[in-house]
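Engineer: got a predicted structure here, sequence first:
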Amino acid sequence: MLESDTILSAFADGVLTLTLNRPDKLNAFNEEMHLALRAGFQRAHQDASVRALLLTGAGRGFCAGQDLGDRDPRKDGTAPDLGRTIELFYNPLIRLIRTLEKPVVCAVNGVAAGAGANLALACDITLAARSAQFIQAFARIGLVPDSGGTWSLPRLLGEARAKALAMTGEPLDAETAASWGLIWKMVDDAALLDEAKDLAMKLAAGPTMGLGMTKRAIQAAATNSLDEQLELERDLQREAGRSADYAEGVVAFLEKRKPEFKGQ
Ligand code: LHQ
């Protein structure tokens, strides 16, 4: 993995924890942090011992999106090519998260703004501290929501709420985010990390193949017809039914004991 202080990485009990670590900038993204985070997700793709991922932020914020100091239009006298930044850094990151066939838990420990908010929404199960806020800050600086925001917001919230959040840039508190279904749940600040870790550990001890295929199927539903989805479920169930974890799950049920899944 790429060594960088901007991402803290820890591995235990099948869970790879990646912590965004530029706390004085509320963990805003610079290129170094992007590359280190990407390396973390690449490891999760390649390393079979990683069976769940936990993403969180150091300090009082989760992530304030792009480091705007790094993309200052005054810098070179010409407008920066933000499309290139998206192509090279943000899009690959979101794709890595969505295609990882392992659960990605996100613990939003504080403000999540701009690409930081949409990064949290790209994860599979997102919890947020009571004090956290979600801000589609793009409108405040003349930009368009990125990192999948224009895709995830209307899907999670419907067009009315998606447009209002994106066009006003108004903060959404964690309680409302949970009640609207933008995230899985809100947790008291002091309990957030423990609860997110417990959840990630439980998922890491689960039937990884089945969980990965569940993720794939639910994501595919965004563009599939019911018929296509039924066929996909048939195919995935066929594959899941051949897994060692299915055999273990059924035998454990019949023997009235806890299953010991190996992720295979
Ligand atoms: C920051 C930042 C930040 C640098 C806080 N940059 N320093 C993609 C492609 C290419 C380019 C453009 O963008 C994108 C996608 C995007 O993400 S666009 C959206 C970028 N993000 C924002 O517009 C959010 C900017 N930040 C804020 O509005 C506030 O900081 C929020 C509302 C997040 C938090 O407010 P406060 O709690 O009042 O904290 P603060 O503003 O005092 O920030 C603390 C420090 O962090 C401060 O530094 P300082 O040296 O004064 O203590 C900020 O300058 C720094 N910081 N966000 N994005």
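Structural biologist: Received, thanks. Numbers count the residues shown, from 1 in each chain.

Engineer: now the helices for the stretch 51-200 of the chain?
Structural biologist: Taking DSSP state H, counting those that start in this stretch as the criterion, the stretch 51-200 of the chain carries its helices at 82-85, 91-99, 115-122, 149-157, 159-168, 174-180, 192-204.

Engineer: which one of those is the most hemmed in?
Structural biologist: Scoring the helices of the stretch 51-200 of the chain by mean neighbour count under mean count of other C-beta atoms under 10 Å gives helix 115-122 as the most buried, with a mean of 27. Yep, even glycine has a C-beta here, placed from its N, CA and C like the rest.

Engineer: which helices and strands does it pack with?
Structural biologist: With contacts taken as 3 or more C-beta pairs under 8 Å, 6 or more residues apart in numbering; DSSP states H and E, helix 115-122 sits against strand 61-63, helix 91-99, strand 104-108, strand 133-135, helix 149-157.

Engineer: now the first one: buried residues?
Structural biologist: By that I understand strand 61-63. 61-63 (16 or more other C-beta atoms under 10 Å).

Engineer: make TSV from the helices and strands packed on helix 115-122 and add distance to residue 253 and mean pLDDT to it.
Structural biologist: Below are the helices and strands packed on helix 115-122 laid out as TSV (distance: least, C-beta to C-beta, whole Å; pLDDT from 0 to 100):
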stretch	distance to residue 253	mean pLDDT
strand 61-63	39	98
helix 91-99	31	98
strand 104-108	26	99
strand 133-135	39	98
helix 149-157	34	98
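
Engineer: so what's residue 228 closest to, chain neighbours aside?
Structural biologist: Using C-beta to C-beta, 6 or more residues apart in numbering and skipping the chain neighbours, the partner closest in space to residue 228 is residue 220 (7.8 Å).
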